Every structure is written in structure tokens, then in C-alpha cells.
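*Asks:* Here is the input, now give the coordinates:
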Amino acid sequence: MVLPVTLAGCATPKRLPAVPVAQTARAQPAIGAIRFLAARDPAPFADEAIASIRKEQAYLASQGKTEPLPPASYLAISGGGDNGAFGAGLLNGWTASGTRPEFKVVTGISTGALSAPFAFLGPDYDDELARVYTTISQRDVFRMRGLLKGFFADAMADSTARRQLRWPVERRL
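*Replies:* Numbers count the residues shown, from 1 in each chain. Sure, this is the predicted structure:
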């Protein structure tokens, strides 16, 4: 049994090199600083927040507005795989209660990152958010390849199905 596993390990497709561990904390997207590791060093996050407030104040001043900045609502959505439907339901219920604010910033992890744009766009997208979590299954997103194919392919699952799928919001924009 050791021999087939060893041979399979030699036959797997060549993978691109990973980002060196020492560089992962420094990786930043081309659009600027949007990733912060506040637990390691909160200063860059605080600096960016202060710069953002100053930029907004300067813009409002250029429009002749001198009053303090209005209150802002921020939302962070957790992950949870299929349980992301809970977050979608919560947002729909929040809208129905009449107390859902307009969010200045929305962020999320895993399935929360998929819900975040809908939450940011507002209640007009609640129906589409609900549809995503009630009409799309795992089979629409990926298909398991099986253990043996996992040794000879680049992953245990094939996400080709996702390429065929169009989120409702993509059709609308």
C-alpha cells in the first residue's frame, strides 16, 4: 500500500510555489491597504482608519459641510459554509423589522464574504441573497473528484460547475 501512495506523490501535477510564510503578513492587494493583522500590530489599522476619517472630512468640507461626521454602521459576517443561510435570513429579518441600518463597511469570512456584497448593497438585494442560499446547492458550486483522483489532479474537488453559475446580482449589475 505504501508503494502506490509514494508513486502517486511523484506523479501529481506541478503546483505553483506558495507565498513564503515570512511574506504572507506583508502581502497587500494592488488597491492599497485593506488587510490588517491588528492582533500583531494595530498601528497600521488605526492609521488607515484615521486617514479615512480625515479624507471623508476633507471631502465634506469641499462640499461646504462643516458638521461632524454622521454615525456609521459596520458589519462583519462570520463563516459557516451552508449555515450562511442563517446570515441571509438574519439580514432579511432585520430589513423586515425596519431597523436595518445602511452599512458604511461590510466584511466577511468564507460564506460571509459571499454575503457581504449583498449586505452592503442594501435591502433591495435581500431577495437575491435569500435565493442564493435557498436555490444553490454544493453540487452547483463543486463536485468531489474522489480520493484516487485527488492524488493525480490539482485538488480533491472540481469547481468547473461554479464557472457555469451566475449569481443573481451578477445578472442585475
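*Asks:* what ranges do the strands span in this structure?
*Replies:* 73-77, 103-108, 143-144, 157-158 (DSSP state E).
*Asks:* Compare those and give me the one nearest Leu60.
*Replies:* Of all these, strand 103-108 sits nearest to Leu60, with 13.8 Å by Cβ to Cβ. The C-beta positions use only the backbone N, C-alpha and C, and glycine is treated the same way.
*Asks:* Of all the residues in that closest one, which ones are buried?
*Replies:* By neighbour count on 16 or more other Cβ atoms under 10 Å, the buried set for strand 103-108 is 103, 106, 108.
*Asks:* In the protein, where is pLDDT below threshold?
*Replies:* Where the chain drops to pLDDT under 70, the residues are 1-18, 27-32, 150, 166-173.
*Asks:* repeat that with 90
*Replies:* 1-39, 44-45, 48-49, 52, 70, 78-85, 107, 110, 114, 131-173 (pLDDT under 90).
*Asks:* Tell me the one of the buried residues of strand 103-108 nearest Asp140?
*Replies:* Gly108 (20.0 Å).
*Asks:* Please verify my assumption that that closest one contacts Ser78.
*Replies:* Yes - contact between Gly108 and Ser78 holds when scored by Cβ atoms under 8 Å: they sit 7.4 Å apart.
*Asks:* how's this protein carved up into domains?
*Replies:* Split into domains by the TED database, the chain comes to 40-70, 71-153.
*Asks:* Same list as before, those that is, but in TSV and with distance to Ile34 included.
*Replies:* What follows is the domains of the chain, written out as TSV (distance: least, Cβ to Cβ, whole Å):
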stretch	distance to Ile34
domain 40-70	9
domain 71-153	9
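*Asks:* Can you tell me which of those domains is most buried?
*Replies:* Stretch with highest mean neighbour count among those: domain 71-153 (a mean of 15; mean count of other Cβ atoms under 10 Å).
*Asks:* That'll do, ta.
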